[in-house]
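> dropping a prediction and its sequence here:
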Amino acid sequence: MKTLRILLIAATTLAALPAAAEKLSLAEISQYLNSFRTASGEFTQINDDGTISTGQIFIKRPGKVRFEYNPPEDMQVIADGTRVGIIDGKSNTRPEAYPLHRTPLKIILARKVDFSRERMVTGHDSDDKTTTVRAQDPDNPEYGSLELVFTANPVELRQWVVDDGSGSRTTVVLGDLETGVRLDDDAFVIPGVGADRIDR
């Protein structure tokens, strides 16, 4: 059943993609990501175990992102610029927090995205409809990698896959992103997490 739901999501996403397009250059992709500071939209998350979640994503570069999950999930994932916090509303424990720089997401949350940086891009492919870029922290490849899928005309980020470095992969399929939205910094505060709550 989980496999069927994943296939249905993938089929719906592919059907909505535009006709054949040329492979996007790394410069075009970097320029697109640097063209906006804020964005929001809906997402579907496919976890490594096949479970599926949906919700809303809010991005405020540099360094900030917020995932709000829809019921029956009661969870948020928030990056506040230096840390990533996981808030489980069903748990009585305090949120877990990890350094943002140890996660692949920091690549697209950077103040300036530059895929021309040496040893950052490990793959750059096209299937005539989408362009896929695989990137990592060139100084710390052990932190994992990020696989980004873009469409052209206009350039848009459609999907990413996070590999945490241990073999676990999480796929996030994005709906249409609205860019240039107003987002308050208060939305990116990790509740109950102080500066001393970071697992370095």
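Everything's here; your move.
> tell me where the chain has helices.
Taking DSSP state H as the criterion, the chain carries its helices at 2-15, 26-34, 106-109.
> so how far is D128 from the closest residue to S126 other than its chain neighbours?
With Cβ to Cβ, 6 or more residues apart in numbering as the criterion, S126 has its nearest non-adjacent residue at 3.6 Å, and that residue is K23. C-betas here are computed from N, CA, C, even on glycine. According to Cβ to Cβ, to the nearest Å, K23 and D128 sit 8 Å apart.
> of these two, who's got more company?
Neighbours per residue (other Cβ atoms under 10 Å) separate K23 from D128, with K23 holding more: 15 against 10.
> verify the stated contact: that one with D127.
No - the pair K23 and D127 fails to qualify as a contact (Cβ atoms under 8 Å) at a distance of 9.3 Å.
> pLDDT score for the residue lying farthest from the centre of the chain?
Distance from the C-alpha centroid of the chain, by Cα atoms, centre = their mean, peaks at N92 (27.1 Å). If you check N92, the pLDDT there is 79.
> tell me, how many residues neighbour A27?
A27 has 11 nearby residues by other Cβ under 10 Å.
> for A152, same thing?
Number of residues near A152 (other Cβ under 10 Å) recorded here: 20.
> relative to I108, how far out is it?
The value you get for A152 to I108, if Cβ to Cβ is used, is 18 Å.
> count of neighbours near the closest residue to R134 other than its chain neighbours?
Leaving aside its chain neighbours, R134 sits nearest to G123 (3.5 Å; criterion: Cβ to Cβ, 6+ apart). Burial measure for G123: 11 neighbouring residues, criterion other Cβ under 10 Å.
> give the contact list for G123.
T132, V133, R134, E147 (Cβ atoms under 8 Å, 6 or more residues apart in numbering).
> the second one is in contact with M120, isn't it?
When you say that, I think you mean V133. No - using Cβ under 8 Å, V133 is not in contact with M120; the gap is 9.5 Å.
> those two: which is more packed in?
V133 (22 against 19).
> report pLDDT for the residue nearest to the more buried one when sequence neighbours are not counted.
Among residues not flanking V133 along the chain, L148 sits closest, at 4.8 Å (Cβ to Cβ, 6+ apart). We have a pLDDT of 97 for L148.
> which phi and psi does D49 have?
phi -90, psi 10 (degrees, to the nearest 10).
> quick check: the gap between it and R169.
Distance from D49 to R169, by Cβ to Cβ: 10 Å.
> please say which of the two ends up with more neighbours.
Neighbour count, other Cβ under 10 Å: between D49 and R169, R169 has more, with 15 against 7.
> check contacts around R182.
T38.
> all numbers from here: first residue = 41
OK, 41 is where the count begins now, so the last one is R222.
> all good on my end, thank you.
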